[in-house]
Structures are given as C-alpha cells and as structure tokens.
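Colleague: Sharing a model that was predicted from the sequence below.
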Amino acid sequence: MTDIAEIARERDERLQLIRNSAASLVPRDGGLTRVRQQRFAKQAVDRDTWSQVCSMGWPGLCLAEELGGSGLGMAEYVALLEELGQGLLPEPLIEAGLVAPLLPAKEREALLSGELLVLPAGIMFESKEALPSLSDGRLTGTVRHVVLGGAADAWLVACDSGLAMVHRSAEGVDVIEEPTQDGGHLAHLRFRGSPARQIDAPPAALDKAALGCAAYLVGLMDAALERTREYLNVRRQFGRPIGGFQALQHRMVDLKIQVELARAMVSEAARAVDAHESPMEYERLVSTAKVKAAEAAMLVTRQAIQLHGGIGYTDEADIGLFLRRAMVLLNAHGSVSFHKRRYFRLLESEGAL
C-alpha cells in the first residue's frame, strides 16, 4: 500500500512540474498580450518562442528516450496541453509532436532542437481528396488545410506511396495561406513535380494528437469560464455583483459540470493509452473525449460571451479569443462527425450495439 501511495505521489509531483513548466509561455495572470500580437502576423510562428517551446522538450515529451524524447506518457502530455490551452498557445506543438516519431534521425533531431520546423500535410484520420503522387523522387498534387503550413521549413506529406518530405525551398512548391478565426492560417500546398524524399516510418499516432487537442480544449474552456466568473463578480447591477443572481449561478454551475466531464474523459483516455489497453478500447475513449471536449468548448465559450453581455461580442474583449480558438479546433485531428462514427463503429464491433 505504501508503494502505491508513493508512486501516486511521485506521479502527482511530476504532473505538477509539467504544468509549472508552461508558466513561461502561459502567464499566471491570464494575460493574452502575446497571443494578440501574434494574431494574423506575417510570421505565423514566432521562431524565438518556438525555440523556447523546443528548449523545454515539449515536442518530444511523449517520444521515446532512444529517439531523443523525454519518454513520458499521455498523462503528462494532456496535463501540459491543458495548461497551454488556458493561455491559448498559438504554436503548432501538437502538429510537431505528431511528426516527430515519423522523421529520420537527422530531421528529428533538428525538429526537437528548434532548428527545423516540420509540419504534417495530409496526415489525418480521413481525407476526401486524392493524395499527391510520388514518382522518381518528384511529388505532384495538392494538400489542403495544413495547420500553419506557411510557417514550416518542410512538410511531411501523406502521398500515394506513404510519406514524403518536401522542403519549403524546393522548386515547384506553391503555398496559399487562408486566415482562420483565431488569427492563424491553413495553408493549401501545391506540388508541381517538387523534389521529395520518401520516408519509411511507423503509422502516425493520430489518436495521441486527437487526445492532445481535447486536453487543450479543456484548458481553453476552463480559462474562459474562470474569466467569466471574475467578470460576474465585478459587474454590478441593482447595486450588487451580477454573479450573486441565482439564475446566473445556475448557468455557471452547468457550464462547470461540462468542463469537468470533458476533463474526466480526457484523463480516462490518457490512462488507457498509458496502460496499453487494446487499440479498440483506447480509440473508443479518445473519440469520446474529443467529441465531448469539442462540443463542450463550443457551448462554454459561447455562453461565456453571452454572460459578458454586449462587451463580450467586441474584438477588444479577450473572452472572444477563446470562442475563436474553439471554432478552429472543433474539427481538428478528426472531425466531430468522424469521431462519432468511429465510436459507434467500435461499439458495434465489440457487440455492444
């Protein structure tokens, strides 16, 4: 019993250290000055900030130690992402973490050190578009909706023969950036016989990326709700803070329940991954967590804006930034409809339906 208590204590300390490591980029006072400065910036990813992210080992947090990572589990990863979600971290940490285990040693080391920003292009759960074709070391085709793709030094592209690496400086590469609600962008990449290198790699850990996104959304809506609580305790009407009105208190409690339900689902999915449960089991739990976090984040952030009143709808009000980010992440790393379909498909295969 003592050993179990000691293991639990060490785990809690480790998780707290992970959360504390986010303090340099997520101010404890909740300030979003840096996030506002980065919105729609010409340089979509601030390289100085990205160097900080890499120096703390975040892109390789779950990567095996023999591959240059920290070798930690999903519990630590979701704890970090939840903390970063509270501060609306705009950097492509989840995307970099997705490609890190897929890269050859040289490129992986450069990614983890912050020297080379490699982002995934077309590596996703589902795609309705034809994959680019790789022939004789040349890539031809189009990939759409690449998160912050215009900021990358290179892309790891899903193609008809697996994966291919293409550098930004390669000939025949066209990049069109489409702004997103949160101030970032999605890039549309067109390859016209661009020089590319085929990469032999294990299957992408898409479920870890989806769970990381769910954890980020939990942190996002938790911070939005806390800001709303503070506002309700300051805004006065009829001679007293409106936070004392019972109707608003009931709404806040309902929203808090949604946050905690999503947090519990993310934690349970992370536990299943770390416990090496069957793929069918943790895939079902990941889909459950992603759907719940995405839908709850939309509910909480919309309600938070309403509870702020008219000022909540202005661009100057920080509360609006949380809804904008939630809208962008709603269908990231597997759409809500995909995860719902997968959940029911897995239940059917288990004989539960």
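Modeller: Noted; the coordinates are in hand.

Colleague: Name the helix or strand for the residue nearest to S349 when sequence neighbours are not counted, please.
Modeller: Closest residue in space to S349, ignoring its immediate chain neighbours: M280 at 6.9 Å, by CB to CB, 6 or more residues apart in numbering. In this view, the C-beta of every residue, glycine as well, is placed from N, C-alpha and C. Here M280, judged by DSSP states H and E, is contained in helix 279-307.

Colleague: After that helix, which helix or strand is next? Please name it.
Modeller: Next element after helix 279-307 (DSSP H and E): helix 319-329.

Colleague: helices or strands next to that next one in the packing?
Modeller: helix 206-234, helix 279-307 (3 or more CB pairs under 8 Å, 6 or more residues apart in numbering; DSSP states H and E).

Colleague: How about residues contacting it?
Modeller: 32, 35-36, 88, 180-184, 213, 216-217, 220-221, 223-224, 227-228, 231, 294, 297-298, 301-302, 304-305, 308, 312-314 (CB atoms under 8 Å, 6 or more residues apart in numbering).

Colleague: Could you do stretch 132-142 as well?
Modeller: 122, 129-131, 143, 157-161, 164, 166, 188-198.

Colleague: Can you list which of those residues are found in strands?
Modeller: 143, 157-159, 164, 166, 188-195, 197-198 (DSSP state E).

Colleague: Quick check on the residues you listed: which are buried?
Modeller: Neighbour-count burial (16 or more other CB atoms under 10 Å) applied to those gives 143, 157-159, 164, 166, 188-191, 194-195, 197.

Colleague: Can you tell me the number of residues neighbouring D207?
Modeller: D207: 22 surrounding residues under other CB atoms under 10 Å.

Colleague: how near is it to A214?
Modeller: As judged by CB to CB, to the nearest Å, D207 and A214 stand 10 Å apart.

Colleague: Now do the same for E91: helix, strand or coil?
Modeller: Here E91 is recorded as coil under DSSP: H, G, I helix; E, B strand; the rest coil.

Colleague: Could you check the pLDDT of it?
Modeller: Reported pLDDT at E91 in the predicted model: 96.
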